[in-house]
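Enquirer: predicted model and sequence below, questions to follow.
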Amino acid sequence: MRIYGPPPSVAPRAALAAFNAEGVHPSDLAAFVDQDGVAIRAGHHCTQPLHQELGISGGSARASLYVYSTKEDVDAFITSLEATLKMFEGLGE
């Protein structure tokens, strides 16, 4: 898993995380977590020059939080992400 952006100890961060999982296209990741009712974005997020600078050709996935997001929302995202990554890992065996 690669999370993009500075660590919180270096600079304040918005309540979002752009990331990529090795071997899984961000659009595939977004489609599978959507099956669990979890919405994340996939693509360039209006930052294609930054993606190019970082050497990211297929975009990234992005999870975003807001004031109405709950702990249960975050837990559901993590559970779905872990299950999806495990499923993709099993495809390579």
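Expert: On my side now, so go ahead. Residues are numbered from 1 along each chain as shown.

Enquirer: list the contacts of the helix or strand bottoming out on mean pLDDT in the chain.
Expert: Ranked by mean pLDDT, DSSP states H and E, the weakest helix or strand in the chain is helix 48-53, scoring a mean of 82. Residues from elsewhere that reach helix 48-53, judged by Cβ atoms under 8 Å, 6 or more residues apart in numbering: 44, 57, 59-60. Using the backbone N, CA and C atoms, a C-beta is placed for each residue, glycine as well.

Enquirer: show me what the helix ranked longest in the chain is packed up against.
Expert: For the chain, the helix reaching the highest residue count under DSSP state H is reported as helix 71-91. Contacts defined by 3 or more Cβ pairs under 8 Å, 6 or more residues apart in numbering; DSSP states H and E place helix 71-91 against helix 26-34.

Enquirer: before we move on, the earlier item: any of the contacts of helix 48-53 buried? List them.
Expert: The neighbour-count test (16 or more other Cβ atoms under 10 Å) marks 44, 59-60 as buried among the contacts of helix 48-53.
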